[in-house]
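**Q** I'll drop the sequence and a predicted model, then ask my questions.
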Amino acid sequence: MSTNGTSNGQKKELDPNQGGDSTKKTYHKQPTGEALKTANAHSAENDLKLYGSCFCPFVHRVWISLEHKRLDYQYVEVDVYRKPKLLLDINPRGLVPALRHGNWGCYESTVLMEYLEDLNKGEPLLPKDPKLRAHSRLWSDHINRNIIPAFYRYLQAQDQNDQVKFADELREHIAKLVETADPAGPFFLGDYMSFVDVQMAPWIVRLRKVLKPYRGWPDPEPNTRWASWVQAIENAEPVKKTTSDDELYLDSYERYAENRPNTSAVREAINSGRGLP
(Lines give C-alpha, C1' and ligand atoms only; values in the text may rest on other atoms or scores of the structure.)
Protein backbone atom coordinates (compact mmCIF):
# COMPACT_ATOMS: atom_id res chain seq x y z
CA MET A 1 0.00 0.00 0.00
CA SER A 2 1.49 3.33 -1.00
CA THR A 3 0.52 6.73 0.34
CA ASN A 4 2.71 8.91 -1.85
CA GLY A 5 1.19 9.05 -5.33
CA THR A 6 -1.75 11.26 -6.23
CA SER A 7 -3.50 12.20 -9.43
CA ASN A 8 -2.71 15.90 -9.05
CA GLY A 9 1.03 15.31 -8.73
CA GLN A 10 1.20 16.26 -5.07
CA LYS A 11 2.42 13.94 -2.36
CA LYS A 12 0.11 12.82 0.37
CA GLU A 13 1.18 13.20 3.95
CA LEU A 14 3.23 10.20 5.05
CA ASP A 15 2.27 8.34 8.19
CA PRO A 16 4.69 8.88 11.12
CA ASN A 17 5.59 5.18 11.22
CA GLN A 18 6.98 5.41 7.66
CA GLY A 19 9.89 7.48 8.95
CA GLY A 20 9.78 9.76 5.90
CA ASP A 21 10.18 6.80 3.51
CA SER A 22 7.26 6.50 1.10
CA THR A 23 8.36 2.98 0.09
CA LYS A 24 7.59 1.64 3.56
CA LYS A 25 4.23 -0.09 3.98
CA THR A 26 1.80 1.44 6.40
CA TYR A 27 -1.52 0.60 7.96
CA HIS A 28 -4.63 0.35 5.79
CA LYS A 29 -7.36 2.88 6.44
CA GLN A 30 -10.30 0.87 5.11
CA PRO A 31 -11.16 -2.82 5.44
CA THR A 32 -11.02 -5.06 2.39
CA GLY A 33 -12.66 -8.27 1.19
CA GLU A 34 -15.40 -9.73 3.36
CA ALA A 35 -14.76 -7.17 6.11
CA LEU A 36 -15.43 -4.33 3.66
CA LYS A 37 -18.74 -5.94 2.66
CA THR A 38 -19.71 -6.16 6.32
CA ALA A 39 -18.63 -2.57 7.02
CA ASN A 40 -20.69 -1.34 4.07
CA ALA A 41 -23.69 -3.36 5.24
CA HIS A 42 -23.44 -1.58 8.62
CA SER A 43 -22.69 1.96 7.45
CA ALA A 44 -26.14 3.41 8.13
CA GLU A 45 -26.71 5.67 11.13
CA ASN A 46 -27.41 3.64 14.28
CA ASP A 47 -27.70 4.23 18.00
CA LEU A 48 -25.02 1.55 18.59
CA LYS A 49 -21.72 2.49 16.96
CA LEU A 50 -18.40 0.67 16.84
CA TYR A 51 -15.46 2.96 16.15
CA GLY A 52 -12.58 0.90 14.86
CA SER A 53 -9.52 0.58 12.67
CA CYS A 54 -9.60 -2.30 10.21
CA PHE A 55 -6.16 -3.71 11.05
CA CYS A 56 -6.63 -3.69 14.84
CA PRO A 57 -7.11 -7.10 16.51
CA PHE A 58 -8.75 -5.54 19.57
CA VAL A 59 -11.39 -3.98 17.32
CA HIS A 60 -11.72 -7.34 15.56
CA ARG A 61 -12.83 -8.95 18.84
CA VAL A 62 -15.72 -6.57 19.33
CA TRP A 63 -16.70 -6.71 15.67
CA ILE A 64 -16.84 -10.53 15.79
CA SER A 65 -19.02 -10.27 18.91
CA LEU A 66 -21.46 -7.93 17.18
CA GLU A 67 -21.70 -10.24 14.17
CA HIS A 68 -22.05 -13.35 16.34
CA LYS A 69 -24.96 -11.72 18.16
CA ARG A 70 -26.41 -10.35 14.90
CA LEU A 71 -27.00 -7.01 16.55
CA ASP A 72 -28.04 -3.91 14.67
CA TYR A 73 -25.04 -1.56 14.75
CA GLN A 74 -23.03 0.97 12.77
CA TYR A 75 -19.36 0.38 11.92
CA VAL A 76 -17.31 3.59 11.76
CA GLU A 77 -13.74 3.37 10.45
CA VAL A 78 -11.43 5.92 12.08
CA ASP A 79 -7.78 6.77 11.51
CA VAL A 80 -6.66 6.11 15.04
CA TYR A 81 -3.24 7.72 14.48
CA ARG A 82 -4.88 11.05 13.69
CA LYS A 83 -7.29 10.71 16.63
CA PRO A 84 -10.51 12.37 15.44
CA LYS A 85 -12.63 14.22 18.00
CA LEU A 86 -15.44 11.65 17.75
CA LEU A 87 -13.00 9.08 19.13
CA LEU A 88 -11.41 11.36 21.74
CA ASP A 89 -14.85 12.21 23.06
CA ILE A 90 -15.24 8.55 24.08
CA ASN A 91 -11.64 7.63 24.90
CA PRO A 92 -9.36 10.57 25.77
CA ARG A 93 -6.36 8.40 24.83
CA GLY A 94 -7.71 8.05 21.31
CA LEU A 95 -7.42 4.25 21.22
CA VAL A 96 -9.76 1.80 19.51
CA PRO A 97 -12.07 0.00 19.85
CA ALA A 98 -14.58 2.47 21.19
CA LEU A 99 -18.31 1.97 21.45
CA ARG A 100 -21.04 4.58 21.60
CA HIS A 101 -24.54 3.55 22.61
CA GLY A 102 -26.82 6.54 22.54
CA ASN A 103 -25.17 9.24 24.66
CA TRP A 104 -22.93 6.73 26.47
CA GLY A 105 -19.48 5.69 25.35
CA CYS A 106 -16.89 3.18 26.54
CA TYR A 107 -13.67 1.45 25.40
CA GLU A 108 -11.32 -1.52 26.02
CA SER A 109 -12.12 -4.62 23.98
CA THR A 110 -12.83 -7.06 26.82
CA VAL A 111 -14.99 -4.52 28.63
CA LEU A 112 -16.96 -3.90 25.45
CA MET A 113 -17.47 -7.61 24.90
CA GLU A 114 -18.79 -7.87 28.46
CA TYR A 115 -21.10 -4.91 27.83
CA LEU A 116 -22.55 -6.58 24.74
CA GLU A 117 -23.18 -9.67 26.87
CA ASP A 118 -24.97 -7.58 29.50
CA LEU A 119 -27.39 -6.23 26.90
CA ASN A 120 -28.89 -9.74 26.80
CA LYS A 121 -29.53 -9.49 23.09
CA GLY A 122 -28.59 -12.00 20.43
CA GLU A 123 -26.61 -15.19 20.90
CA PRO A 124 -24.61 -15.11 24.17
CA LEU A 125 -20.90 -15.81 24.26
CA LEU A 126 -20.61 -16.39 28.00
CA PRO A 127 -22.30 -19.58 29.26
CA LYS A 128 -25.05 -19.43 31.91
CA ASP A 129 -23.21 -21.62 34.41
CA PRO A 130 -21.29 -19.36 36.88
CA LYS A 131 -18.34 -21.76 37.06
CA LEU A 132 -17.98 -21.87 33.27
CA ARG A 133 -18.28 -18.08 33.16
CA ALA A 134 -15.44 -17.77 35.68
CA HIS A 135 -13.45 -20.36 33.72
CA SER A 136 -13.96 -18.31 30.55
CA ARG A 137 -12.87 -15.10 32.22
CA LEU A 138 -9.79 -16.79 33.72
CA TRP A 139 -8.56 -18.00 30.33
CA SER A 140 -9.48 -14.76 28.64
CA ASP A 141 -7.14 -13.13 31.13
CA HIS A 142 -4.44 -15.64 30.12
CA ILE A 143 -4.84 -14.54 26.50
CA ASN A 144 -4.57 -10.85 27.43
CA ARG A 145 -1.82 -11.23 30.00
CA ASN A 146 0.38 -13.81 28.27
CA ILE A 147 -0.46 -14.75 24.68
CA ILE A 148 -0.90 -11.27 23.20
CA PRO A 149 2.31 -9.79 24.68
CA ALA A 150 4.23 -12.88 23.52
CA PHE A 151 2.80 -12.45 20.01
CA TYR A 152 4.11 -8.89 19.80
CA ARG A 153 7.46 -9.66 21.44
CA TYR A 154 8.02 -12.33 18.80
CA LEU A 155 6.87 -10.16 15.90
CA GLN A 156 8.89 -7.12 16.99
CA ALA A 157 12.10 -8.99 17.84
CA GLN A 158 14.90 -8.22 15.39
CA ASP A 159 17.57 -10.51 16.82
CA GLN A 160 17.26 -14.13 15.66
CA ASN A 161 17.99 -15.55 19.12
CA ASP A 162 15.25 -13.37 20.59
CA GLN A 163 12.87 -14.55 17.89
CA VAL A 164 13.53 -18.18 18.82
CA LYS A 165 13.04 -17.40 22.52
CA PHE A 166 9.80 -15.51 22.02
CA ALA A 167 8.44 -18.10 19.57
CA ASP A 168 8.93 -20.77 22.24
CA GLU A 169 7.26 -18.53 24.80
CA LEU A 170 4.25 -18.01 22.53
CA ARG A 171 3.94 -21.76 21.88
CA GLU A 172 3.99 -22.49 25.61
CA HIS A 173 1.25 -19.97 26.36
CA ILE A 174 -0.92 -21.28 23.53
CA ALA A 175 -0.32 -24.89 24.67
CA LYS A 176 -1.60 -24.02 28.17
CA LEU A 177 -4.78 -22.60 26.66
CA VAL A 178 -5.31 -25.62 24.42
CA GLU A 179 -4.75 -28.03 27.33
CA THR A 180 -7.62 -26.50 29.29
CA ALA A 181 -10.03 -26.42 26.33
CA ASP A 182 -12.80 -28.99 25.92
CA PRO A 183 -11.02 -32.14 24.63
CA ALA A 184 -13.52 -32.80 21.85
CA GLY A 185 -13.98 -29.21 20.78
CA PRO A 186 -13.64 -27.91 18.21
CA PHE A 187 -14.16 -24.64 20.12
CA PHE A 188 -12.92 -23.80 23.60
CA LEU A 189 -16.04 -25.00 25.43
CA GLY A 190 -17.18 -27.58 22.90
CA ASP A 191 -19.16 -27.43 19.68
CA TYR A 192 -20.14 -23.74 19.89
CA MET A 193 -18.17 -20.49 19.73
CA SER A 194 -17.94 -18.67 23.05
CA PHE A 195 -16.19 -15.79 24.80
CA VAL A 196 -12.67 -17.27 24.87
CA ASP A 197 -12.84 -18.16 21.19
CA VAL A 198 -13.65 -14.56 20.27
CA GLN A 199 -10.94 -13.25 22.60
CA MET A 200 -8.41 -15.45 20.81
CA ALA A 201 -9.79 -15.31 17.25
CA PRO A 202 -8.02 -12.15 15.98
CA TRP A 203 -4.65 -13.57 16.97
CA ILE A 204 -5.40 -16.96 15.43
CA VAL A 205 -6.15 -15.07 12.20
CA ARG A 206 -2.90 -13.13 12.53
CA LEU A 207 -0.77 -16.19 13.27
CA ARG A 208 -1.37 -17.26 9.68
CA LYS A 209 -1.61 -13.85 8.03
CA VAL A 210 1.18 -12.04 9.93
CA LEU A 211 3.48 -14.35 11.91
CA LYS A 212 3.70 -16.98 9.17
CA PRO A 213 4.98 -14.63 6.42
CA TYR A 214 7.11 -12.44 8.72
CA ARG A 215 8.48 -14.99 11.18
CA GLY A 216 7.83 -18.42 9.65
CA TRP A 217 5.18 -19.43 12.19
CA PRO A 218 4.12 -22.98 11.23
CA ASP A 219 0.61 -24.11 10.39
CA PRO A 220 -0.95 -26.34 13.08
CA GLU A 221 0.12 -29.97 13.01
CA PRO A 222 -2.70 -31.94 11.33
CA ASN A 223 -5.14 -33.94 13.47
CA THR A 224 -4.27 -32.11 16.69
CA ARG A 225 -6.61 -30.32 19.09
CA TRP A 226 -4.94 -27.04 18.15
CA ALA A 227 -5.52 -27.68 14.44
CA SER A 228 -9.22 -28.37 14.95
CA TRP A 229 -9.60 -25.19 17.00
CA VAL A 230 -7.80 -23.03 14.44
CA GLN A 231 -9.92 -24.46 11.65
CA ALA A 232 -13.14 -23.88 13.60
CA ILE A 233 -12.20 -20.25 14.33
CA GLU A 234 -11.12 -19.48 10.78
CA ASN A 235 -14.30 -21.00 9.33
CA ALA A 236 -16.72 -19.35 11.78
CA GLU A 237 -18.98 -16.95 9.87
CA PRO A 238 -18.57 -13.99 12.28
CA VAL A 239 -14.79 -14.30 11.91
CA LYS A 240 -14.85 -14.61 8.13
CA LYS A 241 -17.24 -11.67 7.78
CA THR A 242 -14.92 -9.36 9.76
CA THR A 243 -11.59 -10.47 8.27
CA SER A 244 -9.94 -8.53 5.46
CA ASP A 245 -7.82 -9.85 2.60
CA ASP A 246 -4.28 -11.03 3.35
CA GLU A 247 -2.63 -7.94 1.86
CA LEU A 248 -4.16 -5.66 4.48
CA TYR A 249 -2.50 -7.58 7.31
CA LEU A 250 0.80 -8.03 5.46
CA ASP A 251 1.02 -4.29 4.79
CA SER A 252 -0.31 -3.09 8.13
CA TYR A 253 2.02 -5.25 10.24
CA GLU A 254 5.26 -4.58 8.36
CA ARG A 255 5.89 -1.70 10.78
CA TYR A 256 5.69 -4.13 13.73
CA ALA A 257 7.91 -6.70 12.00
CA GLU A 258 10.54 -3.98 11.50
CA ASN A 259 9.90 -2.59 15.01
CA ARG A 260 9.60 0.92 13.61
CA PRO A 261 9.21 3.98 15.85
CA ASN A 262 5.75 5.60 15.97
CA THR A 263 4.06 2.29 15.24
CA SER A 264 1.62 2.09 18.16
CA ALA A 265 1.13 2.29 21.90
CA VAL A 266 1.28 -1.52 21.92
CA ARG A 267 4.71 -1.50 20.29
CA GLU A 268 6.00 1.04 22.85
CA ALA A 269 4.61 -0.93 25.77
CA ILE A 270 6.14 -4.20 24.60
CA ASN A 271 9.54 -2.61 23.99
CA SER A 272 9.54 -1.03 27.45
CA GLY A 273 8.41 -4.20 29.20
CA ARG A 274 5.12 -2.67 30.36
CA GLY A 275 1.71 -4.32 30.16
CA LEU A 276 -0.57 -3.72 27.22
CA PRO A 277 -1.94 -0.16 27.03
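**A** That came through fine.
**Q** Could you give the number of residues near Val111?
**A** 13 (other Cβ atoms under 10 Å). Where C-beta positions appear, they are placed from N, C-alpha and C, glycine not excepted.
**Q** List the buried residues of the helix or strand containing it.
**A** Using DSSP states H and E, the element containing Val111 is helix 109-118. Using 16 or more other Cβ atoms under 10 Å as the test for burial, helix 109-118 gives Ser109, Thr110, Leu112, Met113, Glu114, Tyr115, Leu116, Glu117.
**Q** Kindly reformat those as JSON lines containing pLDDT and distance to Glu268.
**A** Converted to JSON lines, the buried residues of helix 109-118 look like this (pLDDT from 0 to 100; distance: Cβ to Cβ, whole Å):
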{"residue": "Ser109", "pLDDT": "98", "distance to Glu268": "18"}
{"residue": "Thr110", "pLDDT": "98", "distance to Glu268": "21"}
{"residue": "Leu112", "pLDDT": "98", "distance to Glu268": "23"}
{"residue": "Met113", "pLDDT": "98", "distance to Glu268": "25"}
{"residue": "Glu114", "pLDDT": "98", "distance to Glu268": "26"}
{"residue": "Tyr115", "pLDDT": "98", "distance to Glu268": "27"}
{"residue": "Leu116", "pLDDT": "98", "distance to Glu268": "29"}
{"residue": "Glu117", "pLDDT": "98", "distance to Glu268": "31"}
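**Q** what's the closest of the residues you listed to Pro261?
**A** Ser109 (24.8 Å; Cβ to Cβ).
**Q** Now for the residue lying closest to Ser252 once chain neighbours are set aside: which residues touch it?
**A** Take Ser252 and drop its neighbours on the chain: the residue closest to it by Cβ to Cβ, 6 or more residues apart in numbering is Phe55, 3.8 Å away. Shown in contact with Phe55 (Cβ atoms under 8 Å, 6 or more residues apart in numbering): Tyr27, His28, Ser244, Leu248, Tyr249, Ser252, Tyr253.
**Q** Out of the residues you listed, which is nearest to Leu207?
**A** Distances from Leu207 to those, taken by Cβ to Cβ, are shortest for Tyr249, at 10.7 Å.
**Q** what's the burial count for that closest one?
**A** Neighbours of Tyr249 (other Cβ under 10 Å): 23.
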